[in-house]
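Undergrad: When you get a sec, could you give me coordinates for this:
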Amino acid sequence: GTIFGSAGTNQDINASLEIWRFFSRYTKSGLSTATHPAPQPELTITISPNPARGQIRITQLPDERLPYQWMTSTGQTLQSGILQPIEDLLELNTPGSGYYLLRIGHQSYPILMTE
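TA: Here you go, the predicted model:
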């Protein structure tokens, strides 16, 4: 519950996003007439297998080369490079079993590595 004794909210909206949409139209001097760039669509990417053992296949990449970073769960970069369009196979260096992050473009994907 809340301090007011109600059950809270049904959370059918993302309040932070709605507030941002409202206020992002304004500047200190009033309503902004500037155009905003269109939001970038999310990538549709399939990573398999997950859990993995040193090698993963990435499919459904767009027709462009995308940068990637292979990182520990604490953000330390272990490997980086450029993925090939459409599909790529990565040999990943890991110091041991555990969760790692594969960052492709601006999105991160958790990967469980086993020995």
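
Undergrad: Going by C-alpha atoms from here, please, whenever you check contacts or count neighbours.
TA: Noted.

Undergrad: which residues does Pro49 contact?
TA: For Pro49, the contact set (CA atoms under 8 Å, 6 or more residues apart in numbering) comprises 56-57.

Undergrad: residues contacting Gly98?
TA: So Gly98 contacts 112-114 (CA under 8 Å, 6+ apart).

Undergrad: pretty sure Thr44 contacts Ile86?
TA: No - counting by CA atoms under 8 Å, Thr44 stays clear of Ile86, with 10.9 Å between them.

Undergrad: Compare the two (neighbour count), which wins?
TA: With other CA atoms under 10 Å as the criterion, Thr44 and Ile86 differ in neighbour count, and Ile86 comes out ahead with 14 against 9.

Undergrad: and the more buried one, what is it in contact with?
TA: Counted by CA under 8 Å, 6+ apart, Ile86 has contacts 59-64.

Undergrad: now, among those, which is nearest to Thr94?
TA: Thr59 (21.3 Å; CA to CA).

Undergrad: Any stretches of the chain with poor pLDDT?
TA: Counting by pLDDT under 70, the chain shows low-confidence ranges at 1-16, 23-43, 61.

Undergrad: quick one, helices of it?
TA: Secondary structure of the chain (DSSP state H): helices at 15-23.

Undergrad: residue ranges for the strands of it, please.
TA: 26-27, 30-31, 46-48, 55-59, 66-72, 77-83, 87-91, 98-104, 107-113 (DSSP state E).

Undergrad: With distance to Trp20 added, can I get the ones you listed in a markdown table?
TA: Shown next, in a markdown table, are those (distance: least, CA to CA, whole Å):
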| stretch | distance to Trp20 |
| --- | --- |
| strand 26-27 | 10 |
| strand 30-31 | 14 |
| strand 46-48 | 31 |
| strand 55-59 | 33 |
| strand 66-72 | 29 |
| strand 77-83 | 32 |
| strand 87-91 | 36 |
| strand 98-104 | 26 |
| strand 107-113 | 21 |
